[in-house]
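K.L.:
Test case, fold it:
(one chain, ligands or ions: 1)
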Amino acid sequence: MKAEIQTNKIVVLSGSGISAESGIPTFRDANGLWHNYSWEAVASPSGWQAHPEVVLEFYNERRLQAAEAQPNAAHLALAELESAYEVVVITQNVDDLHERAGSSNVIHVHGQLNHARGTSEARRRYRIDAAPIQLGQLCEDGTQLRPDIVWFGEDVEYLEESRRHIATAAKVLVVGTSLTVFPAASLVRAARGRAEKILVALAMDKLPYGFRFMRGKASSIVPFLCQGWLAEHQNRNLYPDSDKHAS
Ligand code: OAD
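P.N.:
Numbering: from 1, shown residues only. The predicted structure is shown next:
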């Protein structure tokens, strides 16, 4: 049996587009990271094996850039929703701008820049904030530290938990992602038919089934949407029976 939808639950699936206006580049837009770097070289286990120093330098730069960036109006508006809703943010982003904006329930499916981890099975994690990882810097178990990032070919984290959240949400907001990287992109399929489903991006090749497309910048559209949802919540509290009287 399917789990019940929770009227007061909003799940957000975010991608790099939400942080673009904070100065963090996306991956596939014009001048995106994957136009300037080879993902095979910097975001794959084979790249790490071949040239760990190149991989470390790439993520050391990303980490510094993310630490210097500030949350924008979209991150802040999503955090504000928590005053009225249960909000779960599932993000493909490796920055911590959702957390720094005040969101309290953030799931990072592709890892986090501000953590390092060992390379043994134990995968011990360490919070490093903006500090660089150097070649020769070891984990307690003696293995080289690496960025706590999910590279191509590695297992995405918290997938089932994320799917369960989406499947019980009354509102699903997808923002700033091209939905080209799987399995994270497949999460949208867990959204229920009855849920309100919106996708915000500058462009979208193939809109997932049942989603309404709102084209534009996250920093203007997301606050607008959130204000509407906060007003809706307030009206529901003021007139709890209004749905019953609707014809
Ligand atoms: P992409 O670069 O593939 O897509 C960025 C999306 O953001 C596009 O749909 C843009 O239209 C949209 N966008 C850009 N600027 C925006 C703005 N100001 N407001 C709203 N939308 C905007 O990035 P992702 O979908 O995040 O994985 O990429 C997914 C994964 O691919 C990443 O997590 C990363 C990458 O390889 C790993 O590194 C494992």
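K.L.:
quick one, longest helix in the chain?
P.N.:
Longest helix of the chain, by residue count under DSSP state H: helix 218-238.
K.L.:
buried stuff in it?
P.N.:
218-219, 221-223, 225-226, 229-230, 233 (16 or more other Cβ atoms under 10 Å). Heads up, the C-betas are built off the backbone N, CA and C, glycines and all.
K.L.:
export those to CSV and tack on pLDDT and distance to the ligand?
P.N.:
Shown next, in CSV, are the buried residues of helix 218-238 (pLDDT from 0 to 100; distance: Cβ to the nearest ligand atom, whole Å):
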residue, pLDDT, distance to the ligand
Ala218, 98, 4
Ser219, 98, 7
Ile221, 98, 7
Val222, 98, 8
Pro223, 98, 12
Leu225, 98, 12
Cys226, 98, 14
Trp229, 98, 18
Leu230, 98, 21
His233, 95, 24
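K.L.:
Most widely separated two among those?
P.N.:
Maximum pairwise distance in the buried residues of helix 218-238, criterion Cβ to Cβ, is 22.2 Å, between Ser219 and His233.
K.L.:
Name the nearest residue to the most centrally placed residue in the chain, sequence neighbours excluded.
P.N.:
In the chain, the centroid-proximal residue (Cα atoms, centre = their mean) is Thr91; its distance is 1.3 Å. Once flanking residues are discounted, Thr91 sits nearest to Ser14: 4.5 Å by Cβ to Cβ, 6 or more residues apart in numbering.
K.L.:
Could you give the bridge partners of that neighbour?
P.N.:
Counting by DSSP bridges, Ser14 forms beta bridges with Thr91, Val175.
K.L.:
ok, now which ones touch it?
P.N.:
89-93, 98, 174-177 (Cβ atoms under 8 Å, 6 or more residues apart in numbering).
K.L.:
please redo it, this time with the cut-off set to 6 Å
P.N.:
For Ser14, the contact set (Cβ atoms under 6 Å, 6 or more residues apart in numbering) comprises 91, 175-176.
K.L.:
got a list of what whichever residue of the chain sits closest to the ligand touches?
P.N.:
Nearest residue of the chain to the ligand (Cβ to the nearest ligand atom) works out as Gly17 at 2.3 Å. Neighbour list for Gly17: 26, 176, 201 [criterion: Cβ under 6 Å, 6+ apart].
K.L.:
just Lys197 next, same as before
P.N.:
By Cβ under 6 Å, 6+ apart, the contact set of Lys197 is 172, 191, 210-211.
K.L.:
Kindly report the same for Ala66.
P.N.:
With Cβ under 6 Å, 6+ apart, Ala66 has these contacts: 95, 113.
K.L.:
Would you mind listing what in this structure touches the ligand?
P.N.:
Counting by Cβ under 6 Å from any ligand atom, the residues of the chain close to the ligand are 15-17, 20-21, 26-29, 32, 43, 92, 110, 150, 176-178, 180-181, 200-203, 217-218.
K.L.:
Out of these, which end up buried?
P.N.:
Buried among the residues of the chain next to the ligand (16+ other Cβ under 10 Å): 15-17, 20-21, 26-27, 29, 43, 92, 110, 150, 176-178, 181, 200-201, 217-218.
K.L.:
Off-centre distance for stretch 12-24?
P.N.:
Relative to its parent chain, stretch 12-24 has a centroid offset of 8 Å by Cα atoms, centre = their mean, to the nearest Å.
K.L.:
how far does it stretch from start to finish?
P.N.:
When the termini of stretch 12-24 are compared using Cα to Cα, to the nearest Å, they are 19 Å apart.
K.L.:
heads up, I number from 395, so please use that
P.N.:
Let's use 395 as the start, then, which means that last one is stretch 406-418.
K.L.:
Please identify which helix or strand holds Ala473.
P.N.:
Counting by DSSP states H and E, the secondary-structure element that holds Ala473 is helix 467-474.
K.L.:
Show me what that helix is packed up against.
P.N.:
Judged by 3 or more Cβ pairs under 6 Å, 6 or more residues apart in numbering; DSSP states H and E, helix 467-474 is in contact with helix 491-495, helix 612-632.
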